[in-house]
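> Got a sequence here, can you model it:
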Amino acid sequence: MGMLLALLLAQDAKPADKIGKDKPPAAAAKALAEARKRKSAAIKESNQIGAQAAAAAQFDGVMRGDFAAVKGAMELYARGAVVLVNTGGRFDPPEELKGQEALQALTFRHPALYLADVGKVVASATFGGDEVVDGKDCRVVDLIADAPLIKQYLKDLGDRVEKAMAGQGGGPGLFGAGGVFRLANAFDEKGTVATFRLCVGKDDLLPYKFEFVMRPKIKPGSLPPEIKLPPLDQKTEILFSKWDQEVPFDIAGFIKAKWGVK
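Model (predicted):
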């Protein structure tokens, strides 16, 4: 009798699985809704384009609604899609940087924007099993980007690579708005696949891990043979923690004044 009582108490102590019998689209939608309710979270974002270390960047910081602040490869601040880089004496948009520094800065994207994109394709959601993220039991939800999202991602990727290549190899005049070739026009949108993966906490329905993977395809003959592009596979991983908890971050005074951040 005593052992039975102990087992019953242990079951009662186990956190409830709030996903329960929800279908994958419902689970994804609830996770996004829970995230929108929260005022802040700690974030750890890593981005990589191709296999080159120069194109990889890691950032740690805080997300507060449409504002984010991170440090790592460099110090960045974001308000929605607008990003500013602390260059030491100024705060410049990533587009005004060059080479490796530009590519690393341009890889960062506000996590809320990715979550918003997931919200556009919840109907594609499927369950991918279970995963433990920093001790949190999660249900994995996999989703597939639709054609409009792929088109936008390829444009963004093309802009990033063109900026990083300016003055290197091909040099100005080949790529970019004033150049002969645009990478966005060379990508095969129908042949490109982009996927999302969301790890949702079973006991609170909050996202704790996000992954984005895109494998761009180049249309045959779209670029001259002398232009050799490296692999442009793109991967982003974002870890969320400390939802609605204090996350210390020393925000630059310029950013506080410009965006009214406390």
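
> Give me the below-cutoff pLDDT ranges for the stretch 51-200 of the chain.
Scanning the stretch 51-200 of the chain for pLDDT under 70 picks out 51-56, 99, 164-181.

> can you give me the strands in the stretch 51-200 of the chain?
57-64, 67-72, 76-79, 82-86, 91-92, 126-133, 136-144, 193-201 (DSSP state E, counting those that start in this stretch).

> Just the CA coordinates for the first one, please, in CSV.
Right, strand 57-64. The C-alpha atoms that make up strand 57-64 are tabulated as CSV, following Å, rounded to 0.1, in the frame of the first residue of the first chain:
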residue,chain,number,x,y,z
ALA,A,57,29.1,33.7,-35.9
GLN,A,58,27.8,33.2,-32.4
PHE,A,59,25.9,35.7,-30.2
ASP,A,60,24.6,35.7,-26.6
GLY,A,61,22.2,38.2,-25.2
VAL,A,62,18.7,39.2,-24.5
MET,A,63,15.4,39.5,-26.4
ARG,A,64,12.7,42.0,-25.2
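
> mind listing what it pairs with, with the direction of each?
Here strand 57-64 has these sheet partners by DSSP bridges: strand 41-49 (antiparallel), strand 67-72 (antiparallel).

> Can you lay out those as a markdown table showing mean neighbour count?
From N, CA and C alone the C-beta is placed, and that goes for glycine too. Converted to a markdown table, those look like this (neighbours: other C-beta atoms under 10 Å):
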| stretch | mean neighbour count |
| --- | --- |
| strand 41-49 | 21 |
| strand 67-72 | 21 |
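
> Format the ones you listed as a markdown table; extra columns: distance to Asp203.
Shown next, in a markdown table, are the strands paired with strand 57-64 (distance: least, C-beta to C-beta, whole Å):
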| stretch | distance to Asp203 |
| --- | --- |
| strand 41-49 | 16 |
| strand 67-72 | 26 |
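
> Of the strands of the stretch 51-200 of the chain, which is nearest Pro230?
strand 57-64 (16.3 Å; C-beta to C-beta).

> Check which residues of that closest one are buried.
In terms of neighbour count (16 or more other C-beta atoms under 10 Å), strand 57-64 has its buried residues at Ala57, Gln58, Phe59, Asp60, Gly61, Val62, Met63, Arg64.

> Show me what that strand is in contact with.
The contact list for strand 57-64 (C-beta atoms under 8 Å, 6 or more residues apart in numbering) reads 39-48, 68-74, 76, 104-105, 107-108, 110-112, 240, 247, 249, 261.

> Ok, which of the strands paired with strand 57-64 comes nearest Lys219?
Using C-beta to C-beta, these put strand 41-49 closest to Lys219, at 19.2 Å.

> For that closest one, which outside residues touch it?
35, 55-63, 68, 70, 103, 107-109, 111, 157, 160-161, 232-245, 247.

> Kindly give a single PyMOL line that selects the buried subset of those.
Paste this into PyMOL to select the buried members of the contacts of strand 41-49, with burial taken from 16+ other C-beta under 10 Å:
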select buried, resi 35+55+56+57+58+59+60+61+62+63+68+70+103+107+108+109+111+157+160+161+232+234+236+237+238+239+240+241+243+247
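
> To Leu143, which of the strands paired with strand 57-64 lies closest?
Minimum separation from Leu143 across the strands paired with strand 57-64 (C-beta to C-beta) falls at strand 41-49, 18.6 Å.

> mean confidence score for the closest one?
The pLDDT scores in strand 41-49 average 93.

> and that strand, C-alpha only, in CSV?
Written as CSV, here are the backbone C-alpha positions of strand 41-49 (Å, rounded to 0.1, in the frame of the first residue of the first chain):
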residue,chain,number,x,y,z
ALA,A,41,14.2,35.8,-22.8
ALA,A,42,17.9,35.0,-22.8
ILE,A,43,19.0,34.1,-26.3
LYS,A,44,22.0,32.3,-27.8
GLU,A,45,22.2,32.4,-31.6
SER,A,46,24.6,30.7,-33.9
ASN,A,47,24.7,31.2,-37.6
GLN,A,48,26.7,29.6,-40.4
ILE,A,49,26.9,29.9,-44.1
